[in-house]
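K.L.:
All I have is the shape, not the residue letters:
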């Protein structure tokens, strides 16, 4: 409660100081003060827009996987040191982190809902050990998983009862490939 009051007092004081400055400037130099206020307002809106779109911007500039002939996929290492791959799950694009430490495909609740899974009606009967400790899991069967021309049906997965930022593509799915290797900073998947 005292933290909220302190924040409110700080914001009120800041509003009084900035507002007082603006009133003083508007009286003495209305044209210049208005231009400066508009410029700062646009800068503020730009910062808010960039913050809101940061994940999209980061994904757009990070290296993308390439589909090559012969059912070969090359996935460059991302800016964060992980391999990221976009797959269509039940027809919906989902961005995965390739995780050889995960035993299966693991969907976070947000991605599970996006692919049409009702996360509230699932039976969270299993558990998985993650970097954040034990989490409850519910086993599901995905209608389809597609990466480019490679398509699999009825793919087992789990939904984690945890706020997983990106879903994980684990070993049960990676083992469907004849070859999984790392060559020159690229993860190579081949069927």
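P.N.:
In hand now; what should we look at? Worth saying up front: this structure is predicted, and the values here are computed from it rather than measured.
K.L.:
how close does the nearest residue to residue 100 once chain neighbours are set aside get to residue 30?
P.N.:
Taking CB to CB, 6 or more residues apart in numbering as the measure, residue 100 lies nearest to residue 171, with 6.2 Å between them; neighbours along the chain are not counted. To be clear about C-beta, it is placed using only N, CA and C from the backbone, and glycine gets the same treatment. Counting by CB to CB, to the nearest Å, the gap from residue 171 to residue 30 is 67 Å.
K.L.:
Would you mark the buried spots in stretch 155-172?
P.N.:
If you call a residue buried by 16 or more other CB atoms under 10 Å, then stretch 155-172 has these buried ones: 155, 157-162, 164, 166-171.
K.L.:
swap that for stretch 130-139, sorry
P.N.:
The neighbour-count criterion (16+ other CB under 10 Å) identifies 130, 135, 136, 137, 138 as the buried residues of stretch 130-139.
K.L.:
Tell me if the last one really is in a strand.
P.N.:
Yes - assessed with DSSP: H, G, I helix; E, B strand; the rest coil, residue 138 lies in a strand.
K.L.:
correct me, but it touches residue 123?
P.N.:
Yes - in this structure, residue 138 is within contact of residue 123 by CB atoms under 8 Å, at 5.8 Å.
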